[in-house]
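Enquirer: need coordinates for the below:
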Amino acid sequence: MAVRSQLCEACDIRDLTFCSALHGEEHTRLRQLLTHVQYDSHSTIFHEAEDADYVFNVTSGSVKLYKLLGDGRRQITGFLFAGDFLGLALNQTYSYTAEAIEPVTACRFPRQKLERLFNEYPRLEKRMLGMAVDELAAAQDQMLLLGRKTAKEKVASFLLMLARRQEHRGVDADAIEVPMSRSDIADYLGLTIETVSRTLTQLRKESTISLKDNKHIEAIGMGMLEDLAEGL
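Expert: Next comes the predicted model:
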């Protein structure tokens, strides 16, 4: 569902969004391009190989990005949260599928019109490039997770990533929100669901975390999590 932008000034995460690079008349011009969109849980925002006609800035909720492998298996390549940018494409098609984990709201921008606006406002293009660099850094972190770490180190690193992303959004990092399923975590970390569940139980028994429920984990020993993530 989509509605035209009305009150961008009321956005709670404006400082984290793509729009934060612009002010005054510049922001007004950008706002004229965007549409606020909403997605239900588990609905697809776009599919891999579709024409990359739009880019998105997530304003609430969480999104998973994945690619389907040749044998039908799914590899989750990332998770996005409020403030994150979505839909950047080097070519004319999306290189992954984006799906809402929970109800999601986002600002949607027509890609071609946005690119024309870059000529007028170079700061906007610089902001997008910065977000692209962040996306690349996240991909490199995942490569390290998949290639060099044990299951316990992977799970600890994943929880730390969630905690740090919360902290960036101004949310208490000790009470970690886990909106994705155990299956999603497993597909992201390159583990089985059983290994993810077993490792979380082990961390609980070691008093490193407390399992409040499937969607909330308390980090009792943040320093211990950090040591585990580093293989110490």
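
Enquirer: where does Ala49 fall, phi/psi-wise?
Expert: phi 80, psi 0 (degrees, to the nearest 10).

Enquirer: wait, it touches Gln92, no?
Expert: No - between Ala49 and Gln92 there is no contact under CB atoms under 8 Å: 10.2 Å. (Each C-beta comes from the backbone N, C-alpha and C, glycine too.)

Enquirer: ok, and the closest non-adjacent residue to Cys11?
Expert: Thr59 (6.5 Å; CB to CB, 6 or more residues apart in numbering).

Enquirer: before we move on, what SS does the one you found have?
Expert: Under DSSP: H, G, I helix; E, B strand; the rest coil, Thr59 falls in the strand class.

Enquirer: count the residues that sit near it.
Expert: Residues near Thr59, counting by other CB atoms under 10 Å, number 22.

Enquirer: do the one 4 residues further on as well
Expert: Around Val63 sit 23 other residues, with neighbours defined as other CB under 10 Å.

Enquirer: ok, it to Arg204 distance?
Expert: Distance, Val63 to Arg204, by CB to CB, to the nearest Å: 28 Å.

Enquirer: got it, and Arg73?
Expert: 29 Å.

Enquirer: who's more crowded, the two?
Expert: Arg204 (15 against 9).

Enquirer: my guess is that one meets Glu218, correct?
Expert: No - the criterion here is CB under 8 Å, and Arg204 misses it with Glu218 at 9.9 Å.

Enquirer: which residue is nearest the centroid of this protein?
Expert: Leu80 (1.0 Å; CA atoms, centre = their mean).

Enquirer: helices along the chain, start to end?
Expert: 25-31, 111-118, 122-148, 151-168, 182-189, 193-205, 222-229 (DSSP state H).

Enquirer: for the nearest residue to Lys152 once chain neighbours are set aside, give me the pLDDT.
Expert: Excluding its sequence neighbours, the residue lying closest to Lys152 (CB to CB, 6+ apart) is Thr199, at 5.6 Å. The score at Thr199 is 96. That number is its pLDDT.

Enquirer: residue contacts, Thr199?
Expert: 151-152, 155, 191 (CB atoms under 8 Å, 6 or more residues apart in numbering).

Enquirer: which of those sit farthest apart?
Expert: Maximum pairwise distance in these, criterion CB to CB, is 10.3 Å, between Lys152 and Leu191.

Enquirer: who's more crowded, the two?
Expert: Leu191 (21 against 18).

Enquirer: rewinding a little: want to throw the contacts of Thr199 into a markdown table with distance to Glu125 and pLDDT?
Expert: A markdown table is the format used below for these (distance: CB to CB, whole Å; pLDDT from 0 to 100):
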| residue | distance to Glu125 | pLDDT |
| --- | --- | --- |
| Ala151 | 41 | 91 |
| Lys152 | 42 | 92 |
| Val155 | 38 | 94 |
| Leu191 | 38 | 93 |
